[in-house]
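Chemist: Starting from these lines, generate the structure:
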Amino acid sequence: MSRICSIRGSHVRSGGRIHRSGLAKKKGGIGRHVTKVVKRKVSPNLQDKRIWVPEFGHYIKMRLSCKAIKTITKNGALNTLIKAGLI
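Modeler: Numbers count the residues shown, from 1 in each chain. Model prediction:
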């Protein structure tokens, strides 16, 4: 199963981790210098959830990000699913 949120479409992004060397000027050094930038992956916080939809009277199993779970809690399950185009 892919690492994509069903509602928001959040997916794994690429980013950079900056390696620095040296001592900061305020600590008595000559300053920090970037020595390398390393690629890394930033994953969304995905959860496998069962969402109760009272209008249908049953659960729907989905893979959601935590932000999408907050949206469902705020706006309701049916409204969120309709807006996402899943129903």
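
Chemist: how does this structure divide up, domain by domain?
Modeler: 12-43, 45-87 (automatic domain parsing).

Chemist: Which of the ones you listed has the highest mean neighbour count?
Modeler: Among the domains of the chain, domain 45-87 has the highest mean neighbour count (mean count of other C-beta atoms under 10 Å), at a mean of 14. For glycine as for every other residue, the C-beta is placed from the backbone atoms N, C-alpha and C.

Chemist: Pull up the distance across it, start to finish.
Modeler: Its first and final residues considered, domain 45-87 spans 24 Å by C-alpha to C-alpha, to the nearest Å.

Chemist: again, but for stretch 37-52
Modeler: End to end - C-alpha to C-alpha - stretch 37-52 spans 45 Å.

Chemist: ok, residues contacting that stretch?
Modeler: With C-beta atoms under 8 Å, 6 or more residues apart in numbering as the test, stretch 37-52 has contacts from 3, 5, 10-19, 58-66, 69, 72, 77.

Chemist: That stretch: how far from the chain's middle?
Modeler: Centroid separation for stretch 37-52 versus its chain: 5 Å, with C-alpha atoms, centre = their mean, to the nearest Å.

Chemist: For the residue nearest the centre of the chain, give its distance to I18.
Modeler: With distances taken as C-alpha atoms, centre = their mean, P44 lies nearest the centre of the chain, 2.7 Å away. The gap separating P44 from I18 is 22 Å, by C-beta to C-beta, to the nearest Å.

Chemist: For L86, which non-adjacent residue is closest in space?
Modeler: S6 (6.7 Å; C-beta to C-beta, 6 or more residues apart in numbering).

Chemist: Can you check which helix is longest in this structure?
Modeler: Of all segments of type helix in the chain, defined using DSSP state H, the longest is helix 66-75.

Chemist: Distance from the chain centre to it, please.
Modeler: So, by C-alpha atoms, centre = their mean, the centroid of helix 66-75 is 13 Å from its chain's centroid.

Chemist: next one: the helix or strand following that helix to chain centre, how far?
Modeler: Using DSSP states H and E, the helix or strand that follows helix 66-75 in sequence is helix 77-84. Chain-centre distance of helix 77-84: 19 Å, with C-alpha atoms, centre = their mean.
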